[in-house]
Structure formats: C-alpha cells, structure tokens
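S.K.: prediction below, plus the sequence it came from.
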Amino acid sequence: MGRFFSSTKKSVSEESREDLPCMAEGLASHSHAIQVCEIVAVHKTKDDDSKETRKIFYISRTRQHQWRCDDVTFHSANQGLCEQWIQVINEQLSLLTNRPKSLLVYINPYGGKRRGRRIYEQKVAPLFRRACILADVIVTERANHARDHLKTEANLDKYDGVVCVGGDGMFSEILHGLITRTQTDNKVDHNQPDAELVPCSLHIGIIPAGSTDCICFATVGTNDPVTSALHIIVGDSQPMDVCSVHHNDSFLRYSVSLLGYGFYGDILTDSEKKRWLGPARYDLSGVKTFLSHNYYEGRISFLPAKNNNGDPRDKLQCLSGCRICQHKPSSTDTQWEMSEEKEKSDKDGMGGWSVITGKFIAINAASMSCACPRSPQGLSPSAHLADGTTDLILVRKCSRLNFLRHLLRHTNKEDQFDHSFVEVHRVRKFRFQPRQHELVSLEDLSQSPKKTGFSPICSAQTTCNHSTSHSSWTCDGEILPNVAIQVSVQCQLIRLFARGIEEQQQKCVLEDPCTLSAPEQSTYQSVD
Ligand SMILES: Nc1ncnc2c1ncn2[C@@H]1O[C@H](COP(=O)(O)OP(=O)(O)OP(=O)(O)O)[C@@H](O)[C@H]1O
C-alpha cells in the first residue's frame, strides 16, 4: 500500500523537506507501521503558515494497556498525490463496518468522584467528534433511570451501541436494561430459569467513571477513559457470558463478575451502612467481616463444565483472542448436551450434577478473573470471559489464620486454590440451598462449647444479625433479596466494545497488506 513519512507532533518546513533523502536512508531502522484498523480518522487542517494539510489520527500504545490518539501530518508539494493518499485511506476505513456511527450514551453524574460528566465532555466527546460518531447523551436523574429508559423507551434501532459513563453499578443498569429489552422484543420469558436467552445485538462501551470499575479493568486492562473511547471508536468486540440468577423460578438479577455468599456478601451488606465513608467503607467492612469470622452451612449443587473448557488451575489466562472463548457451543451442541444431561439424569437421578454439603466461610462464583488494581490476578486468575462457565470457589470453615493466608494470595501470584480448605470447580450451572440457622462465629464456638447446634452464636466483635442466620449473596455489588438461588451461565449473551487484555504491547505488523509504514521520531513528513 506504500508508505508515508511521519512525525507525531512537529509540522514540516520547506527546508526540512530538502533533507528527505538522508531520512530515507535511515528508514529501515526507524520505521514503524500503523494498521489501517487503528486509524481513528483523517482530517483537513491548517498548519502554522495557514497552509492546508491532512492529519491522520491513529492509536498509539503507551504503558499498561493504555492507548492514546496520536497524529501525523501529510505534506506534499503535489496536492493531487496527497489527495489520492487520503482518498485511499478513507476508502479503507469505510470498509471497516464494525465501527459504530451512532451511540446512545448514559452518564451517571454521581458515580465515583462525581466526575462522569466532565470525563465525558473533556476526554471522550472530542474523540467521538473526531471519529465522526454521533452521540445522543442522557445524564441520568435517578438510580435506574438508564435501565428503565433502555427497557421501554429508547429507540434502539437508531444506534450501533450503548455507552455507560460510570462504575460497575451503572454498567449493571445498562446490562439489565439491554438484556431485558432484548428478551421482551423477542418474546422470551426471563423468569424461566431454562429459557434460552437471545443475545443482545448492540455492543456496550464502558467509560470508567466510578469508584469500582472492575468490568472495564477486566476487559480492557486499564481504567482509562481515553483508552475505552478508542476501543469504542475502532469497534472492538469482546463477547461476554452473563449468569442469570433465579429464586424459585422467578428472575432475580444478571451477573457478569462476582456472585459471593458469606465473606463477600457480609462485606457488602456492612459497607452499605457506611456509604458516607466513600470507597474507604470497603476496607473497614472488610476488616470487620474478617474479624467476625463467620461461617454458613448449606448445600451447593453444580453442573461441571466440559473438559474443553480448561480448568480453573491451569494458569491459562483469558487474554485478547483467547482460544478457549472462541469455542462457542452451537445450538446443536447445546441440544446434544441437554439430551446427554437428561440421559444421565434418568440413570443417576442427578443429570451429571455434583452435590456438596458443608460449612463455608465463602462461596464465590467468578465469571471473570475479577482482577482489579488491588488484586491484579483476581479471585480466579484463569476464569474466562466468554466460555460459558463460571468458577465456583468454595472456602470451607478453617482457622482465621488459614483464611488470612488464602486472602493474601489474592494479592500475589501464588496459587490461591492450593489449600486443603479451598476447592474450585468450573461449572455451567449451580444451585445453593442454605441450612436453617447456620450463622456461627468460629471464635465463640471454641470459647462457648455449650452453644451448639445451629442457633446463631455471636461474640462481642461479631456482627451477626440475630433476626437472620444467613449471609447474603452479593451479585456484582448488589445484595440479592434471596439466599436460595439457581444460577445458569448464558454463553456470550452480550458484547462489549473491548478486546480483552492484550498480552504485550502490540508491535506493528509490517507484512500486513493493510499497513501504513512510517519512520519513528522523524521531524519530516512527505508523501512518497
Ligand atoms: N442520577 C443518579 N442519581 C443517583 N444514583 C444514580 C444516578 N444514576 C445512576 N445511579 C446509581 O448510582 C449507583 C452507583 O453508580 P456507579 O456504579 O456509576 O458509581 P460507583 O461510584 O462505582 O458506585 P458503587 O461503587 O457504589 O457501585 C448505580 O447503582 C446507579 O444505579
């Protein structure tokens, strides 16, 4: 396709062009390439001498998965040649049909440090304008405004995607709005736990502007609004599994990251009472819950995943282009699996389900690694975003010291499942049934041998609520109203404007026929 000589910043001068032959000699050692799919836009601009020039805006990679929009300026004494170049680039760009042209944007003005609106206006909107993307913006006026608008009012035919400016709570609103709307439009009753849900046709983009932005971090590798905006502009696509959660055949919620009973459920319940503390509430409630050291009894049954889904301990991280996630079961696969399940069920009465009854400090289902800046490996480092499974982690009753050892492994690279009291299963479905009156403080149990059975026992530092002996489920940061739940993983139900975490800074691909080459750090530009 040819080459253009470039500089990312400086403009060209008549004198400098005379030096071009020298620059060309050093081309091989200094050249880098821009893939057409990473060009943001081409625009006419004026240089310092008011001469008309063409600027190419493109993606450059900086540190830790962050992207920036850089530019090169096209100059040539031959205007016709310059125009030809621009025309060819624009033709190539028009072939990229995955790029969104029209977006519906919801901004939560109160998320995180209340900077959502400013982040969008200053960092994101200028990039969308540069890429000629039309955006209809709605600043939410109350909780669930975005969800309700998506469910009923929004004219979704007009858009190629929905963008959420906020944190994980705001993302959850968009997720619920879009999935519910898709099922309603397709006459699917989501109260049926076995209903085959229809995947959403619109992509979701996340501009991180909350106090917790775990979904963005897990799918992009960084919490940076500019990087997220660029992933939206180039039309990246990352499929994602969604767990549907039911209680007694009625729908409760959808989850894409963590369903947690016991330890994490207790932390969230406690932290909700301390909202005034801001993000520090999670640390405080974490310490308090750890010291309380409660465990809960119940029965967990699960349908294990197939072997080709890998294993939670195989150390195969789900990265951009993950091979495990590319194997999406077809509907014939699913039908075959269902008949196989039925056959087994006829034989053993359980349909391949496993059952574990016990005392648990924590029961967690991680549908993604749940990595965040504090826990770079996450709760399940090898969990996959789009393989149709969730990693069920059972932490049985153990000493406080052992539990601390387990928790510390979330912050380092040691195998956090390598403890006798921890087990992990990759599953497609699971159910939980609590045993009545199961809240017990381990501390008190050792100090008060008379207090036995299943009645709640609480020490001074225990925070147990005497009106209930159960913990609660946290579902992506929301507390569920019921404890007995059924969970089913809906494979690749949604798509994000993301590409998963890139393994390393991608180098340019010089062999790619759709690649434009340019010398690095040159102060000169010219059309070859
Ligand atoms: N205009 C609004 N007024 C009040 N609440 C809103 C508004 N818009 C959205 N919300 C709600 O605010 C909650 C938190 O928003 P968000 O996730 O954006 O920020 P956050 O700081 O990460 O919050 P959290 O850490 O509590 O999840 C969401 O559950 C959302 O439903």
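M.R.: Cool, got the structure.

S.K.: phi, psi for whatever residue of the stretch 301-450 of the chain ends up closest to the ligand please.
M.R.: Using C-beta to the nearest ligand atom, C372 is the residue of the stretch 301-450 of the chain that sits closest to the ligand, at 11.8 Å. Every C-beta, even on glycine, is put in place using the N, C-alpha and C of the backbone. Here the main-chain torsion angles of C372 (degrees, to the nearest 10) amount to phi -150, psi 170.

S.K.: what's the burial count for it?
M.R.: By other C-beta atoms under 10 Å, the residues close to C372 number 20.

S.K.: quick check: the gap between the closest residue to it other than its chain neighbours and I138.
M.R.: Leaving aside its sequence neighbours, C372 sits nearest to C214 (C-beta to C-beta, 6 or more residues apart in numbering; 4.9 Å). Applying C-beta to C-beta, to the nearest Å, one obtains 24 Å for the distance of C214 from I138.

S.K.: which one's more surrounded, the two?
M.R.: When neighbours are counted by other C-beta under 10 Å, C214 and I138 differ, and C214 comes out ahead with 26 against 14.

S.K.: not counting its neighbours along the chain, what's nearest the residue of the stretch 251-400 of the chain at minimum distance from the ligand?
M.R.: Across the stretch 251-400 of the chain, the shortest distance to the ligand (C-beta to the nearest ligand atom) belongs to P279, at 7.1 Å. Once flanking residues are discounted, P279 sits nearest to S211: 4.6 Å by C-beta to C-beta, 6+ apart.

S.K.: for the one you found, what are its contacts?
M.R.: For S211, the contacting residues are G111, G112, K113, G167, G278, P279, by C-beta atoms under 8 Å, 6 or more residues apart in numbering.

S.K.: and this structure, which of its residues are near the ligand?
M.R.: The interface of the chain toward the ligand, taken as C-beta under 6 Å from any ligand atom, is made up of 108-112, 140-145, 166-170, 173, 210-212, 477.

S.K.: just give the nearest non-adjacent residue to I479, would you?
M.R.: Excluding the flanking residues, the one nearest I479 by C-beta to C-beta, 6+ apart is S472, at 5.0 Å.

S.K.: any figure for the gap between that neighbour and the ligand?
M.R.: 16 Å (C-beta to the nearest ligand atom, to the nearest Å).

S.K.: so where's the stretch 1-150 of the chain uncertain?
M.R.: Counting by pLDDT under 70, the ranges of the stretch 1-150 of the chain that qualify are 1-32.

S.K.: thinking again about what came up before, narrow the residues of the chain next to the ligand to those in helices?
M.R.: In this view, these that belong to helices under DSSP state H are H145, D168, G169, M170, E173.

S.K.: out of these, who's nearest T222?
M.R.: Within these, the smallest distance to T222 is 15.4 Å, found for D168 (C-beta to C-beta).

S.K.: show the backbone phi and psi for the nearest residue to that closest one once chain neighbours are set aside.
M.R.: Distance criterion C-beta to C-beta, 6+ apart; nearest residue to D168, sequence neighbours excluded, is T212 at 4.9 Å. The phi/psi pair for T212 (degrees, to the nearest 10) reads phi -120, psi 120.

S.K.: contacts only, for T212.
M.R.: G167, D168, G169, P279, C372, G477.

S.K.: gap between C200 and the ligand?
M.R.: On the measure of C-beta to the nearest ligand atom, C200 and the ligand end up 19 Å apart.

S.K.: low-confidence ranges, this protein, go.
M.R.: 1-32, 328-351, 437-468, 504-528.

S.K.: how about whatever residue of it ends up closest to the ligand: what's its closest non-neighbour residue?
M.R.: Of all residues in the chain, G167 sits closest to the ligand, with a separation of 2.1 Å (C-beta to the nearest ligand atom). Leaving aside its chain neighbours, G167 sits nearest to G210 (1.5 Å; criterion: C-beta to C-beta, 6+ apart).
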